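1. fold the following.
(one chain, ligands or ions: 1)
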Amino acid sequence: MNDIRRVLVVGGGVGGLTAATAFARRGVEVLLIERRPAFDVPGVGLGQPTNALRVYDALGVLPEILASGFAYDRMFIFDQNRELIVAHKFLLGDAKVPAFCALSRLRLHEILLAAAGRAGVEVRTGLTVGEIHEEPDRVVAVLSDGRSETVDLLAGFDGIRSTTRQHLFGTAFVPHASGYGGWRVQVPRPACVRGMEFLQGIGSKTGAMPLADDLMYLFHIRPEAPDAALERRDYPRLLKERLAQYGSYVAEIAGSLDENSDIVYSPIEPILVPWPWFRGRVVIGGDAAHTSPPHLTQGAAMAAEDGYILAREVLAGDGALDERLMRYSQTRHARCAFVYTFSYQWMLDEQSVRTAKDLAAARIELAQNASTRLAASDRILDSRVI
Ligand SMILES: Cc1cc2nc3c(=O)[nH]c(=O)nc-3n(C[C@H](O)[C@H](O)[C@H](O)COP(=O)(O)OP(=O)(O)OC[C@H]3O[C@@H](n4cnc5c(N)ncnc54)[C@H](O)[C@@H]3O)c2cc1C
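-> Residues are numbered from 1 along each chain as shown. Here you go, the predicted model:
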(Lines give C-alpha, C1' and ligand atoms only; values in the text may rest on other atoms or scores of the structure.)
Protein backbone atom coordinates (compact mmCIF):
# COMPACT_ATOMS: atom_id res chain seq x y z
CA MET A 1 0.00 0.00 0.00
CA ASN A 2 1.38 3.43 -0.95
CA ASP A 3 2.06 5.93 1.84
CA ILE A 4 0.10 8.66 0.01
CA ARG A 5 -3.56 8.14 0.81
CA ARG A 6 -4.95 11.69 0.90
CA VAL A 7 -3.86 14.65 -1.26
CA LEU A 8 -4.89 18.31 -1.22
CA VAL A 9 -4.64 19.94 -4.66
CA VAL A 10 -4.67 23.75 -4.54
CA GLY A 11 -5.99 25.31 -7.77
CA GLY A 12 -8.51 24.06 -10.29
CA GLY A 13 -6.82 25.02 -13.57
CA VAL A 14 -5.66 22.51 -16.18
CA GLY A 15 -2.74 21.39 -13.98
CA GLY A 16 -4.71 21.01 -10.75
CA LEU A 17 -7.63 19.19 -12.38
CA THR A 18 -5.24 16.82 -14.16
CA ALA A 19 -3.24 16.10 -11.00
CA ALA A 20 -6.40 15.56 -8.94
CA THR A 21 -7.91 13.19 -11.50
CA ALA A 22 -4.65 11.28 -11.97
CA PHE A 23 -4.28 10.73 -8.19
CA ALA A 24 -7.95 9.80 -7.73
CA ARG A 25 -7.94 7.35 -10.63
CA ARG A 26 -5.12 5.54 -8.81
CA GLY A 27 -7.20 5.18 -5.65
CA VAL A 28 -6.06 8.23 -3.65
CA GLU A 29 -8.59 10.37 -1.75
CA VAL A 30 -8.33 13.86 -3.27
CA LEU A 31 -9.65 17.24 -2.13
CA LEU A 32 -9.27 20.04 -4.70
CA ILE A 33 -9.85 23.63 -3.66
CA GLU A 34 -10.30 26.50 -6.10
CA ARG A 35 -10.20 30.18 -5.17
CA ARG A 36 -12.85 31.27 -7.64
CA PRO A 37 -16.44 30.73 -6.54
CA ALA A 38 -17.32 28.90 -9.76
CA PHE A 39 -15.60 27.30 -12.74
CA ASP A 40 -16.73 30.01 -15.15
CA VAL A 41 -13.23 30.23 -16.62
CA PRO A 42 -12.61 33.49 -18.43
CA GLY A 43 -10.42 33.78 -21.49
CA VAL A 44 -10.33 32.74 -25.07
CA GLY A 45 -9.40 29.36 -26.44
CA LEU A 46 -6.39 27.17 -25.89
CA GLY A 47 -4.32 25.35 -28.47
CA GLN A 48 -3.59 21.88 -27.15
CA PRO A 49 -0.64 20.13 -28.78
CA THR A 50 -0.12 16.37 -29.10
CA ASN A 51 1.63 16.00 -25.76
CA ALA A 52 -1.33 17.59 -23.91
CA LEU A 53 -3.74 15.39 -25.87
CA ARG A 54 -1.78 12.30 -24.78
CA VAL A 55 -2.38 13.26 -21.14
CA TYR A 56 -6.11 13.71 -21.85
CA ASP A 57 -6.08 10.30 -23.55
CA ALA A 58 -4.58 8.77 -20.40
CA LEU A 59 -7.41 10.39 -18.40
CA GLY A 60 -9.98 8.91 -20.79
CA VAL A 61 -11.29 12.22 -22.18
CA LEU A 62 -9.56 12.46 -25.57
CA PRO A 63 -12.70 11.72 -27.65
CA GLU A 64 -14.62 14.52 -25.91
CA ILE A 65 -11.76 16.97 -26.43
CA LEU A 66 -11.40 16.11 -30.11
CA ALA A 67 -15.17 16.37 -30.62
CA SER A 68 -15.12 19.86 -29.05
CA GLY A 69 -12.17 21.33 -30.89
CA PHE A 70 -10.57 22.22 -34.17
CA ALA A 71 -7.64 20.03 -35.25
CA TYR A 72 -4.77 21.29 -37.39
CA ASP A 73 -1.30 20.11 -38.31
CA ARG A 74 0.51 23.10 -39.79
CA MET A 75 1.84 26.49 -38.98
CA PHE A 76 2.73 29.32 -41.31
CA ILE A 77 4.97 32.35 -40.99
CA PHE A 78 4.02 35.34 -43.13
CA ASP A 79 5.15 38.93 -43.36
CA GLN A 80 2.91 41.74 -42.17
CA ASN A 81 0.96 41.70 -45.46
CA ARG A 82 0.46 37.95 -45.20
CA GLU A 83 2.96 37.06 -47.90
CA LEU A 84 4.11 33.53 -47.07
CA ILE A 85 7.66 33.14 -45.76
CA VAL A 86 7.55 29.52 -44.58
CA ALA A 87 5.04 26.70 -44.01
CA HIS A 88 5.77 24.03 -41.42
CA LYS A 89 3.98 20.69 -41.05
CA PHE A 90 4.26 19.73 -37.39
CA LEU A 91 6.11 16.47 -36.70
CA LEU A 92 3.67 15.83 -33.87
CA GLY A 93 1.02 13.20 -33.28
CA ASP A 94 0.04 9.87 -34.76
CA ALA A 95 -3.02 8.06 -36.10
CA LYS A 96 -4.87 8.57 -32.81
CA VAL A 97 -3.70 12.00 -31.66
CA PRO A 98 -3.55 15.05 -33.97
CA ALA A 99 -0.71 17.56 -33.91
CA PHE A 100 -2.96 20.21 -32.34
CA CYS A 101 -6.54 20.54 -31.21
CA ALA A 102 -7.72 24.00 -30.15
CA LEU A 103 -10.85 24.46 -28.09
CA SER A 104 -12.47 26.96 -25.80
CA ARG A 105 -10.89 27.17 -22.34
CA LEU A 106 -14.34 26.85 -20.78
CA ARG A 107 -15.07 23.61 -22.64
CA LEU A 108 -11.68 22.13 -21.69
CA HIS A 109 -12.35 22.92 -18.04
CA GLU A 110 -15.85 21.43 -18.21
CA ILE A 111 -14.41 18.18 -19.59
CA LEU A 112 -11.61 18.01 -17.00
CA LEU A 113 -13.94 18.91 -14.14
CA ALA A 114 -16.36 16.15 -15.16
CA ALA A 115 -13.46 13.68 -15.33
CA ALA A 116 -12.37 14.73 -11.82
CA GLY A 117 -15.94 14.17 -10.58
CA ARG A 118 -16.10 10.70 -12.16
CA ALA A 119 -12.77 9.79 -10.54
CA GLY A 120 -14.19 10.75 -7.11
CA VAL A 121 -12.32 14.04 -6.51
CA GLU A 122 -14.01 16.25 -3.91
CA VAL A 123 -14.07 19.81 -5.29
CA ARG A 124 -14.68 22.86 -3.08
CA THR A 125 -14.77 26.33 -4.63
CA GLY A 126 -14.36 29.82 -3.17
CA LEU A 127 -11.53 28.59 -0.95
CA THR A 128 -7.81 29.24 -0.49
CA VAL A 129 -5.20 27.94 1.92
CA GLY A 130 -4.62 30.16 4.94
CA GLU A 131 -1.77 28.38 6.72
CA ILE A 132 0.32 25.34 5.94
CA HIS A 133 1.80 23.38 8.87
CA GLU A 134 4.40 20.86 7.76
CA GLU A 135 5.05 17.82 9.94
CA PRO A 136 7.30 14.86 9.11
CA ASP A 137 4.47 12.47 8.32
CA ARG A 138 1.66 14.82 7.22
CA VAL A 139 0.65 18.36 6.23
CA VAL A 140 -2.10 20.29 7.98
CA ALA A 141 -3.67 23.01 5.82
CA VAL A 142 -5.94 25.59 7.39
CA LEU A 143 -8.38 26.69 4.70
CA SER A 144 -9.89 30.16 4.34
CA ASP A 145 -13.20 28.90 5.77
CA GLY A 146 -11.36 27.98 8.99
CA ARG A 147 -11.48 24.21 8.45
CA SER A 148 -8.28 22.19 8.78
CA GLU A 149 -7.42 19.39 6.39
CA THR A 150 -4.77 16.78 7.15
CA VAL A 151 -3.19 15.23 4.09
CA ASP A 152 -0.14 13.21 3.06
CA LEU A 153 0.75 15.61 0.23
CA LEU A 154 -0.17 19.19 -0.71
CA ALA A 155 0.16 19.88 -4.44
CA GLY A 156 0.07 23.57 -5.38
CA PHE A 157 -1.16 24.13 -8.93
CA ASP A 158 -2.23 27.65 -8.06
CA GLY A 159 -0.94 29.49 -11.10
CA ILE A 160 1.61 32.19 -11.80
CA ARG A 161 1.00 34.06 -8.50
CA SER A 162 1.16 30.82 -6.49
CA THR A 163 0.91 31.14 -2.74
CA THR A 164 2.21 27.56 -2.42
CA ARG A 165 5.41 28.65 -4.21
CA GLN A 166 5.60 31.58 -1.81
CA HIS A 167 5.23 29.18 1.12
CA LEU A 168 8.17 27.14 -0.21
CA PHE A 169 10.50 29.90 -1.39
CA GLY A 170 9.22 33.27 -0.14
CA THR A 171 10.02 35.91 -2.76
CA ALA A 172 13.17 34.14 -3.99
CA PHE A 173 11.48 33.02 -7.22
CA VAL A 174 8.85 35.28 -8.71
CA PRO A 175 7.76 36.00 -12.30
CA HIS A 176 9.70 38.83 -13.90
CA ALA A 177 8.44 41.41 -16.36
CA SER A 178 9.83 40.55 -19.79
CA GLY A 179 8.95 43.97 -21.21
CA TYR A 180 6.60 42.31 -23.72
CA GLY A 181 2.86 41.87 -23.62
CA GLY A 182 0.28 39.74 -25.43
CA TRP A 183 -3.06 40.93 -26.80
CA ARG A 184 -5.77 38.50 -27.76
CA VAL A 185 -9.23 38.86 -29.25
CA GLN A 186 -11.70 36.19 -30.28
CA VAL A 187 -13.13 36.79 -33.77
CA PRO A 188 -14.82 34.91 -36.63
CA ARG A 189 -12.32 32.73 -38.51
CA PRO A 190 -11.62 33.79 -42.09
CA ALA A 191 -11.61 30.68 -44.34
CA CYS A 192 -7.94 31.30 -45.23
CA VAL A 193 -6.78 30.65 -41.63
CA ARG A 194 -6.31 26.87 -41.55
CA GLY A 195 -3.57 26.45 -38.98
CA MET A 196 -1.62 28.48 -36.51
CA GLU A 197 -0.05 31.46 -38.22
CA PHE A 198 2.37 34.24 -37.38
CA LEU A 199 2.65 37.53 -39.25
CA GLN A 200 6.10 38.97 -38.62
CA GLY A 201 5.87 42.73 -38.47
CA ILE A 202 8.35 45.47 -37.73
CA GLY A 203 8.56 45.92 -33.97
CA SER A 204 5.84 43.38 -33.24
CA LYS A 205 4.28 40.10 -34.29
CA THR A 206 0.66 39.18 -34.91
CA GLY A 207 -0.97 35.85 -35.56
CA ALA A 208 -4.02 33.65 -35.43
CA MET A 209 -5.03 30.38 -33.89
CA PRO A 210 -8.15 28.58 -35.17
CA LEU A 211 -10.56 27.53 -32.40
CA ALA A 212 -13.53 26.19 -34.35
CA ASP A 213 -14.96 26.13 -37.87
CA ASP A 214 -16.27 29.64 -37.35
CA LEU A 215 -13.96 31.01 -34.65
CA MET A 216 -10.30 31.90 -34.04
CA TYR A 217 -8.30 34.17 -31.85
CA LEU A 218 -6.04 36.89 -33.11
CA PHE A 219 -2.96 37.57 -30.99
CA HIS A 220 -0.41 40.33 -30.99
CA ILE A 221 2.92 40.38 -29.15
CA ARG A 222 4.97 43.55 -28.75
CA PRO A 223 7.04 45.56 -26.29
CA GLU A 224 4.85 46.97 -23.52
CA ALA A 225 6.08 48.90 -20.51
CA PRO A 226 5.78 46.61 -17.48
CA ASP A 227 4.22 49.41 -15.45
CA ALA A 228 1.85 50.58 -18.23
CA ALA A 229 -1.59 51.23 -16.74
CA LEU A 230 -3.72 50.05 -19.64
CA GLU A 231 -7.43 50.71 -19.11
CA ARG A 232 -9.82 48.06 -20.36
CA ARG A 233 -12.06 50.67 -21.95
CA ASP A 234 -9.09 51.79 -24.11
CA TYR A 235 -8.27 48.28 -25.35
CA PRO A 236 -10.10 48.57 -28.74
CA ARG A 237 -8.30 51.82 -29.60
CA LEU A 238 -4.92 50.60 -28.31
CA LEU A 239 -5.08 47.32 -30.20
CA LYS A 240 -6.30 49.04 -33.37
CA GLU A 241 -3.29 51.42 -33.23
CA ARG A 242 -0.91 48.55 -32.57
CA LEU A 243 -2.16 46.58 -35.58
CA ALA A 244 -1.90 49.52 -38.01
CA GLN A 245 1.01 48.09 -40.04
CA TYR A 246 -0.72 44.76 -40.76
CA GLY A 247 -2.66 43.96 -43.94
CA SER A 248 -4.95 41.12 -45.07
CA TYR A 249 -7.62 39.92 -42.58
CA VAL A 250 -5.75 41.60 -39.69
CA ALA A 251 -6.57 45.03 -41.13
CA GLU A 252 -10.25 44.05 -41.38
CA ILE A 253 -10.32 42.79 -37.80
CA ALA A 254 -8.52 45.92 -36.55
CA GLY A 255 -11.12 48.05 -38.32
CA SER A 256 -13.96 46.15 -36.66
CA LEU A 257 -12.72 46.45 -33.04
CA ASP A 258 -15.08 48.32 -30.73
CA GLU A 259 -16.27 48.35 -27.11
CA ASN A 260 -18.00 44.99 -27.63
CA SER A 261 -14.80 43.23 -28.68
CA ASP A 262 -13.65 40.63 -26.16
CA ILE A 263 -10.03 41.77 -25.87
CA VAL A 264 -7.63 40.28 -23.33
CA TYR A 265 -4.25 41.81 -22.49
CA SER A 266 -1.63 40.04 -20.40
CA PRO A 267 1.96 41.05 -19.74
CA ILE A 268 4.39 38.24 -20.50
CA GLU A 269 6.00 37.39 -17.14
CA PRO A 270 8.17 34.29 -17.36
CA ILE A 271 9.43 32.27 -14.43
CA LEU A 272 11.34 29.00 -14.18
CA VAL A 273 11.78 27.81 -10.60
CA PRO A 274 14.93 25.65 -10.25
CA TRP A 275 14.38 22.10 -9.03
CA PRO A 276 13.54 20.65 -6.61
CA TRP A 277 9.96 21.91 -6.75
CA PHE A 278 9.15 20.60 -3.28
CA ARG A 279 10.04 20.57 0.37
CA GLY A 280 8.84 17.79 2.64
CA ARG A 281 5.28 17.06 1.59
CA VAL A 282 4.53 20.29 -0.28
CA VAL A 283 5.11 20.38 -4.05
CA ILE A 284 4.30 22.71 -6.95
CA GLY A 285 3.58 22.26 -10.66
CA GLY A 286 2.14 24.05 -13.69
CA ASP A 287 2.38 27.84 -13.95
CA ALA A 288 3.32 27.96 -10.26
CA ALA A 289 6.68 26.40 -11.20
CA HIS A 290 7.20 27.62 -14.77
CA THR A 291 5.59 30.11 -17.12
CA SER A 292 6.99 30.69 -20.59
CA PRO A 293 6.32 33.16 -23.39
CA PRO A 294 3.33 31.76 -25.31
CA HIS A 295 5.13 30.93 -28.58
CA LEU A 296 5.01 27.13 -28.37
CA THR A 297 1.46 27.14 -26.87
CA GLN A 298 2.77 24.68 -24.27
CA GLY A 299 1.67 26.32 -20.98
CA ALA A 300 -1.41 24.20 -20.37
CA ALA A 301 0.30 21.16 -21.91
CA MET A 302 3.22 21.40 -19.46
CA ALA A 303 0.77 21.88 -16.57
CA ALA A 304 -1.18 18.78 -17.65
CA GLU A 305 2.02 16.71 -17.99
CA ASP A 306 3.17 17.91 -14.55
CA GLY A 307 -0.13 16.88 -12.96
CA TYR A 308 -0.17 13.44 -14.52
CA ILE A 309 3.52 12.68 -13.92
CA LEU A 310 3.39 13.94 -10.32
CA ALA A 311 0.73 11.34 -9.51
CA ARG A 312 2.57 8.61 -11.41
CA GLU A 313 5.95 9.25 -9.73
CA VAL A 314 4.56 9.76 -6.23
CA LEU A 315 2.51 6.58 -6.41
CA ALA A 316 5.30 4.55 -8.03
CA GLY A 317 5.94 3.17 -4.54
CA ASP A 318 9.69 2.59 -4.68
CA GLY A 319 11.91 4.76 -2.52
CA ALA A 320 11.29 7.47 0.01
CA LEU A 321 8.80 10.23 -0.82
CA ASP A 322 11.72 12.68 -1.13
CA GLU A 323 13.25 10.54 -3.87
CA ARG A 324 9.95 10.24 -5.75
CA LEU A 325 9.34 14.01 -5.60
CA MET A 326 12.93 14.59 -6.69
CA ARG A 327 12.37 12.34 -9.71
CA TYR A 328 9.23 14.34 -10.57
CA SER A 329 11.08 17.67 -10.17
CA GLN A 330 14.10 16.71 -12.23
CA THR A 331 12.27 15.14 -15.14
CA ARG A 332 9.71 17.93 -15.32
CA HIS A 333 12.27 20.71 -14.93
CA ALA A 334 14.31 19.46 -17.89
CA ARG A 335 11.30 19.43 -20.21
CA CYS A 336 9.84 22.73 -18.99
CA ALA A 337 13.26 24.38 -19.25
CA PHE A 338 13.35 23.40 -22.93
CA VAL A 339 9.96 25.07 -23.52
CA TYR A 340 11.06 28.12 -21.53
CA THR A 341 14.37 28.69 -23.36
CA PHE A 342 13.02 27.88 -26.84
CA SER A 343 9.99 30.18 -26.42
CA TYR A 344 12.03 32.97 -24.85
CA GLN A 345 14.63 32.93 -27.63
CA TRP A 346 11.89 32.91 -30.28
CA MET A 347 10.26 35.95 -28.67
CA LEU A 348 13.57 37.84 -28.49
CA ASP A 349 14.39 36.99 -32.13
CA GLU A 350 11.04 38.10 -33.52
CA GLN A 351 10.95 41.25 -31.39
CA SER A 352 14.45 42.22 -32.54
CA VAL A 353 13.03 42.93 -36.03
CA ARG A 354 12.89 46.72 -35.76
CA THR A 355 13.40 48.06 -39.31
CA ALA A 356 12.49 47.18 -42.90
CA LYS A 357 16.11 46.01 -43.32
CA ASP A 358 15.75 43.69 -40.29
CA LEU A 359 12.56 42.27 -41.78
CA ALA A 360 14.26 41.59 -45.12
CA ALA A 361 17.03 39.73 -43.26
CA ALA A 362 14.50 37.88 -41.08
CA ARG A 363 12.59 36.78 -44.18
CA ILE A 364 15.69 35.06 -45.55
CA GLU A 365 16.64 33.55 -42.20
CA LEU A 366 13.15 32.26 -41.45
CA ALA A 367 12.73 30.75 -44.93
CA GLN A 368 16.03 28.94 -44.44
CA ASN A 369 15.81 27.82 -40.82
CA ALA A 370 12.40 28.22 -39.13
CA SER A 371 11.05 24.82 -40.15
CA THR A 372 14.27 23.07 -39.06
CA ARG A 373 14.07 24.82 -35.68
CA LEU A 374 10.41 23.89 -35.27
CA ALA A 375 11.13 20.28 -36.27
CA ALA A 376 13.76 20.09 -33.51
CA SER A 377 11.19 21.34 -31.02
CA ASP A 378 8.54 18.94 -32.39
CA ARG A 379 10.84 15.96 -31.84
CA ILE A 380 11.30 16.85 -28.18
CA LEU A 381 7.64 17.62 -27.53
CA ASP A 382 6.44 14.51 -29.38
CA SER A 383 8.69 12.21 -27.34
CA ARG A 384 6.57 10.03 -25.06
CA VAL A 385 6.58 11.07 -21.44
CA ILE A 386 3.15 9.68 -20.59
C1 LIG B 1 -4.27 34.69 -22.68
C2 LIG B 1 -3.54 33.37 -22.57
C3 LIG B 1 -3.58 32.44 -23.62
C4 LIG B 1 -2.93 31.21 -23.51
N5 LIG B 1 -2.97 30.32 -24.54
C6 LIG B 1 -2.44 29.10 -24.38
C7 LIG B 1 -2.55 28.11 -25.40
O8 LIG B 1 -3.08 28.36 -26.48
N9 LIG B 1 -2.05 26.86 -25.14
C10 LIG B 1 -1.45 26.55 -23.95
O11 LIG B 1 -1.04 25.40 -23.74
N12 LIG B 1 -1.31 27.47 -22.98
C13 LIG B 1 -1.79 28.73 -23.16
N14 LIG B 1 -1.68 29.66 -22.17
C15 LIG B 1 -1.00 29.28 -20.92
C16 LIG B 1 -1.94 28.47 -20.06
O17 LIG B 1 -3.18 29.12 -19.92
C18 LIG B 1 -1.33 28.24 -18.69
O19 LIG B 1 0.01 27.86 -18.82
C20 LIG B 1 -2.11 27.16 -17.96
O21 LIG B 1 -3.43 27.58 -17.79
C22 LIG B 1 -1.47 26.84 -16.63
O23 LIG B 1 -2.32 25.98 -15.90
P24 LIG B 1 -2.22 25.90 -14.33
O25 LIG B 1 -3.26 24.92 -13.93
O26 LIG B 1 -0.82 25.68 -13.91
O27 LIG B 1 -2.58 27.37 -13.82
P28 LIG B 1 -3.94 28.21 -13.98
O29 LIG B 1 -4.65 27.88 -15.23
O30 LIG B 1 -3.55 29.62 -13.75
O31 LIG B 1 -4.84 27.70 -12.79
C32 LIG B 1 -4.54 28.05 -11.45
C33 LIG B 1 -5.85 27.97 -10.69
O34 LIG B 1 -5.57 28.12 -9.30
C35 LIG B 1 -6.51 29.00 -8.73
N36 LIG B 1 -5.85 29.62 -7.57
C37 LIG B 1 -4.88 30.56 -7.56
N38 LIG B 1 -4.48 30.81 -6.30
C39 LIG B 1 -5.21 29.99 -5.50
C40 LIG B 1 -5.24 29.76 -4.11
N41 LIG B 1 -4.43 30.43 -3.27
N42 LIG B 1 -6.11 28.86 -3.60
C43 LIG B 1 -6.94 28.18 -4.45
N44 LIG B 1 -6.94 28.34 -5.79
C45 LIG B 1 -6.09 29.23 -6.30
C46 LIG B 1 -6.83 30.00 -9.84
O47 LIG B 1 -8.08 30.62 -9.64
C48 LIG B 1 -6.83 29.08 -11.06
O49 LIG B 1 -8.09 28.48 -11.30
C50 LIG B 1 -2.25 30.91 -22.31
C51 LIG B 1 -2.20 31.85 -21.27
C52 LIG B 1 -2.82 33.07 -21.39
C53 LIG B 1 -2.73 34.08 -20.26
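2. how about the closest residue to residue 233 other than its chain neighbours, secondary structure?
-> Counting by CB to CB, 6 or more residues apart in numbering, residue 233 lies nearest to residue 259, which is 7.2 Å off, once chain neighbours are set aside. C-beta here means a position set from N, CA and C on the backbone, and glycine is covered the same way. Assigned by DSSP: H, G, I helix; E, B strand; the rest coil, the conformation of residue 259 is coil.
3. for the one 10 residues further on, same thing?
-> The local conformation at residue 269, judged by three-state DSSP, is coil.
4. neighbours of residue 268, just the number please.
-> 22 (other CB atoms under 10 Å).
5. returning to that earlier point: and the residue nearest to residue 233, how close does it get to the ligand?
-> As for residue 259, its distance to the ligand is 20 Å (criterion: CB to the nearest ligand atom, to the nearest Å).
6. tell me the centre residue of this structure?
-> Nearest residue to the geometric centre of the chain (CA atoms, centre = their mean): residue 299, 2.1 Å.
7. the residue of the stretch 101-250 of the chain found nearest the ligand and residue 51: what is the separation?
-> Residue of the stretch 101-250 of the chain nearest the ligand, by CB to the nearest ligand atom: residue 159 (3.0 Å). For residue 159, the distance to residue 51 equals 20 Å [CB to CB, to the nearest Å].
8. cool, residue 57 as well?
-> Plainly put, residue 57 is 11 Å away from residue 51 if you go by CB to CB.
9. what residues are shared contacts of the two?
-> residue 386 (CB atoms under 8 Å, 6 or more residues apart in numbering).
10. who's more crowded, these two?
-> residue 51 (23 against 17).
11. list the contacts for that one?
-> By CB under 8 Å, 6+ apart, the contact list for residue 51 reads 92, 298, 301, 305, 381-382, 385-386.
12. just the residues you listed now: which is nearest residue 339?
-> Checking these against residue 339 with CB to CB, the nearest one is residue 298 at 4.7 Å.
13. how far out from the middle of the chain is stretch 122-131?
-> Stretch 122-131 sits 22 Å away from the centroid of its parent chain (CA atoms, centre = their mean, to the nearest Å).
14. would you map the strands across the stretch 1-150 of the chain?
-> Secondary structure of the stretch 1-150 of the chain, counting by DSSP state E, counting those that start in this stretch: strands at 6-10, 29-34, 45-49, 70-72, 74-79, 84-89, 100-104, 122-125, 129-135, 138-143, 148-151.
15. highest average neighbour count across those?
-> strand 6-10 (a mean of 26; mean count of other CB atoms under 10 Å).
16. do you know how far the closest residue to residue 125 other than its chain neighbours is from the ligand?
-> Distances taken as CB to CB, 6+ apart put residue 34 closest to residue 125, at 4.8 Å, once the chain neighbours are dropped. Separation of residue 34 from the ligand (CB to the nearest ligand atom) stands at 5 Å.
17. and if you look at residue 70?
-> Counting by CB to the nearest ligand atom, the gap from residue 70 to the ligand is 12 Å.
18. same question for residue 358.
-> Going from residue 358 to the ligand by CB to the nearest ligand atom gives 27 Å.
19. before we move on, which element is that residue in?
-> helix 356-382 (DSSP states H and E).
20. now swap in residue 255 and tell me
-> helix 248-256.
21. buried stuff in that helix?
-> For helix 248-256, the neighbour count (16 or more other CB atoms under 10 Å) marks 248-251, 253-254 as buried.
22. likewise stretch 278-288?
-> Those would be 278, 280-288, for stretch 278-288 by 16+ other CB under 10 Å.
23. residue 124 reaches residue 32, doesn't it?
-> Yes. Here residue 124 reaches residue 32: they are 7.4 Å apart, a contact under CB atoms under 8 Å.
24. tell me who's in contact with the residue in the stretch 1-150 of the chain positioned nearest to the ligand.
-> Closest to the ligand within the stretch 1-150 of the chain is residue 13: 2.1 Å, counting by CB to the nearest ligand atom. By CB under 8 Å, 6+ apart, the residues touching residue 13 are 109, 157, 159, 286-287, 300, 303.
25. for the closest residue to the residue of the stretch 101-250 of the chain closest to the ligand other than its chain neighbours, report the pLDDT, please.
-> Nearest non-adjacent residue to residue 159, counting by CB to CB, 6+ apart: residue 287, 4.8 Å away. Residue 287 is assigned 98 on the pLDDT scale.
26. and residue 287, how far from residue 306?
-> Distance of residue 287 to residue 306, given as CB to CB: 10 Å.
27. check residue 261 too.
-> Taking CB to CB, one finds residue 261 at 34 Å from residue 306.
28. looking at the two, which is more packed in?
-> Counted by other CB under 10 Å, residue 261 and residue 306 do not tie: residue 306 has more neighbours, with 33 against 15.
29. ok, the more buried one - contacts?
-> So residue 306 contacts 15, 18-19, 157, 285-286, 289, 332, 336 (CB under 8 Å, 6+ apart).
30. and the residue nearest to residue 204 when sequence neighbours are not counted, how many residues sit next to it?
-> Nearest non-adjacent residue to residue 204, counting by CB to CB, 6+ apart: residue 222, 3.6 Å away. Residue 222 sits with 17 neighbouring residues when counted by other CB under 10 Å.
31. now do residue 319
-> For residue 319, the neighbour count with other CB under 10 Å is 12.
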